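Visitor: Requesting a structural model of the entry that follows:
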Amino acid sequence: MLLSTRSTQVVKATLPVIGAAIGDITPVFYQRMFAAHPELERDLFNRGNQAQGDQQRALAGAIAAYATLLVAEDGRDPLEILARIAHKHASLGITEDQYPIVHEHLFAAIVEVLGEAVTPEVASAWDEVFWHMAEALVTIEKRLYAETGVADGAVWRTLVLRRRRQESPDTVSFVFGSPDGSALPPSRPGQYVSLQVSLPDGAHQIRQYSLTGASQPSEWGISVKGVPASHTEDGAPVGAGQVSTFLHDNVFEGDEIRASAPFGDLVLEDSEGPLVLISAGIGITPILGILHYLVGVGSSREVLVLHADRSPARHAHRQQLKELVGAMPSATLHRWYEDLGVRATREELREGLVDLGAVDLPLDAQVYLCGPLPFMRSVHGTLVEQQHVAEADIHYEVFGPDTWLAPA
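Guide: Here you go, the predicted model:
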């Protein structure tokens, strides 16, 4: 359903102003909403992303992009940008009754920031944009819940940790299973689950982790990289990852944890065409899930796997990656390390950053990409501008708020 003609005209006319101010509006929105509903910040939203501003930038980018596409005379369907958001919402158990809360505080923030510029006509037009976006998300989320076989928002179950293993100095793998050994909901290769932990201050924080593959239907495997305290480029302190630290320090065999059903729109489509799987660092996790699936079904697809890491020692699942690629008759692995050390003499390893010009990309390949956002932006640009890969053939996953749509 399109916007009304009058609202379309108003949104087009005010989009430059609203778009320019949306980065100022979203922090005020979150401040207002959390003041009225502190339980949302404590138990639903990622407090680390809030502190760093990532969530605010992601929301600003999504609203601006959606409104722009909604009033464009031609171009992409605005619904295309909502699938990723809807999957994330479903993994958190978001329900329709929470959208009026967002509406109330978002529009109060718009009025606070823009003041008299928000005339009744402007407010009405942007109100229509909000509910257009909200109703589309609710529709997608209801479909996801129905496909998963659960009531709206009822995505949570209790699992037991069966095995944990140190995969690199800062990465631990966990294998969770159902307490009674029954089969867990099926997932598609590339998807993730949410884990909810109870922190010492009483907060129930949630994070998403890609499924890396498991040996039986009653188990899910994930890997968690520890996030140490650090500083931003301008010197501001950034705290250690709350959930990753908790999982590393406190969750051991036999412990229980809350997990959602699998969601995520980075999924491998069944096809016989060639694949290119590109990852860096902990971005290897959805790639492992895809490779486990391909090996499990005996796929003969041509697969090119490219991975970049700090060093061989810091490469989580290094041996597993080699074994999975080696188990496929038409798969090839290339690896780059910033610091190879004495292993620099090994011909199958390359020193430095990923160089797409050093490999032959198969024609008409579907590309799956995951890693730190700067890495993905760089690789994506090279794929499109130098390798002439179509945008529609590049699929990616962002760990954390999707700031891809926000200004780089």
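Visitor: pretty sure residue 185 contacts residue 145?
Guide: No: using CB atoms under 8 Å, residue 185 makes no contact with residue 145, being 11.9 Å away. Yep, even glycine has a C-beta here, placed from its N, CA and C like the rest.
Visitor: Which one's more surrounded, these two?
Guide: The residue with more neighbours, out of residue 185 and residue 145, is residue 145; 21 against 16, by other CB atoms under 10 Å.
Visitor: so the more buried one is in which element?
Guide: Residue 145 belongs to helix 120-148 when assigned by DSSP states H and E.
Visitor: Next secondary structure after that helix?
Guide: For helix 120-148, the following helix or strand on the C-terminal side (DSSP H and E) is strand 156-168.
Visitor: Give me the contact list for that following strand.
Guide: Around strand 156-168, the neighbours that count as contacts under CB atoms under 8 Å, 6 or more residues apart in numbering are 93, 172-179, 184, 196, 219-220, 223, 251-261, 313-318.
Visitor: Okay, and which of the residues you listed map to helices?
Guide: Mapping these onto helices (DSSP state H) picks out residue 318.
Visitor: Buried subset of the contacts of strand 156-168, written for ChimeraX?
Guide: With 16 or more other CB atoms under 10 Å as the criterion, this ChimeraX line picks the buried residues out of those:
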select :93,172,173,174,175,176,177,178,184,196,219,220,223,251,257,258,259,260,261,314,315,316,317,318
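Visitor: Could you tell me which of the contacts of strand 156-168 belong to strands?
Guide: Here DSSP state E is the test, and the contacts of strand 156-168 give 172-177, 196, 219-220, 223, 256-260 as lying in strands.
Visitor: If we only consider the residues you listed, which is nearest to residue 155?
Guide: Nearest to residue 155 among those: residue 260, at 4.3 Å, using CB to CB.
Visitor: Just confirm that closest one contacts residue 91, I think it does.
Guide: Yes: taking contacts as CB under 8 Å, residue 260 lies within contact range of residue 91: 4.9 Å.
Visitor: who touches both of those two?
Guide: Residues touching both residue 260 and residue 91 (CB under 8 Å, 6+ apart): 155, 193-194.
Visitor: ok, the residues you listed vs residue 114, which is closest?
Guide: Nearest member of those to residue 114, counting by CB to CB, is residue 194, at 34.8 Å.
Visitor: Give me the distance between that closest one and residue 289.
Guide: Look at residue 194 and residue 289: by CB to CB, to the nearest Å, they are 16 Å apart.
Visitor: These two: who's more crowded?
Guide: Using other CB under 10 Å, the more surrounded residue of residue 194 and residue 289 is residue 289, with 28 against 21.
Visitor: For residue 317, see how far away that one is.
Guide: 11 Å.
Visitor: And for residue 356?
Guide: Residue 356 is 22 Å from residue 317, by CB to CB.
Visitor: need the contact list for residue 197.
Guide: With contacts defined as CB under 8 Å, 6+ apart, residue 197 is in contact with 204-205, 243, 246-247, 251, 257-258.
Visitor: If we use 7 Å, what do you get?
Guide: For residue 197, the contacting residues are 205, 243, 246-247, 257, by CB atoms under 7 Å, 6 or more residues apart in numbering.
Visitor: count of neighbours near residue 355?
Guide: Residues near residue 355, counting by other CB under 10 Å, number 13.
Visitor: Quick one: the shared contacts of residue 260 and residue 91 as a markdown table, columns for pLDDT too.
Guide: Putting the shared contacts of residue 260 and residue 91 into a markdown table (pLDDT from 0 to 100) gives the following:
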| residue | pLDDT |
| --- | --- |
| 155 | 98 |
| 193 | 98 |
| 194 | 97 |
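Visitor: The residue located most distally from the centre of the chain: what secondary structure?
Guide: Largest separation from the mean C-alpha position in the chain: residue 116, at 37.2 Å (CA atoms, centre = their mean). Under DSSP: H, G, I helix; E, B strand; the rest coil, residue 116 falls in the helix class.
Visitor: Residue 90 too?
Guide: Under the three-state scheme (three-state DSSP), residue 90 adopts helix.
Visitor: If you count neighbours, what's buried in the helix or strand that contains residue 105?
Guide: Counting by DSSP H and E, the element that carries residue 105 is helix 99-114. By 16+ other CB under 10 Å, the buried positions in helix 99-114 come out as 99, 102, 105-107, 109-110, 113-114.
Visitor: Now do the phi/psi pair for residue 94.
Guide: phi -70, psi 140 (degrees, to the nearest 10).
Visitor: shaky segments in the protein?
Guide: 1, 75, 230-239, 343-347, 400-408 (pLDDT under 70).
Visitor: pretty sure residue 51 belongs to a helix, no?
Guide: Yes: assessed by three-state DSSP, residue 51 belongs to a helix.
Visitor: and residue 163, how far is that from residue 178?
Guide: As judged by CB to CB, residue 163 and residue 178 stand 14 Å apart.
Visitor: can you check residue 375 too?
Guide: Residue 375 is 35 Å from residue 178, by CB to CB.
Visitor: rewinding a little: out of the shared contacts of residue 260 and residue 91, which comes closest to residue 27?
Guide: Using CB to CB, the shortest approach to residue 27 within these belongs to residue 194, at 24.7 Å.
Visitor: Isn't the closest one up against residue 94?
Guide: No: counting by CB atoms under 7 Å, residue 94 is not a contact partner of residue 194; they are 11.1 Å apart.
Visitor: Name the nearest residue to residue 355, sequence neighbours excluded.
Guide: Computed as CB to CB, 6 or more residues apart in numbering, the closest residue to residue 355 that is not its neighbour in sequence is residue 336, at 7.1 Å.
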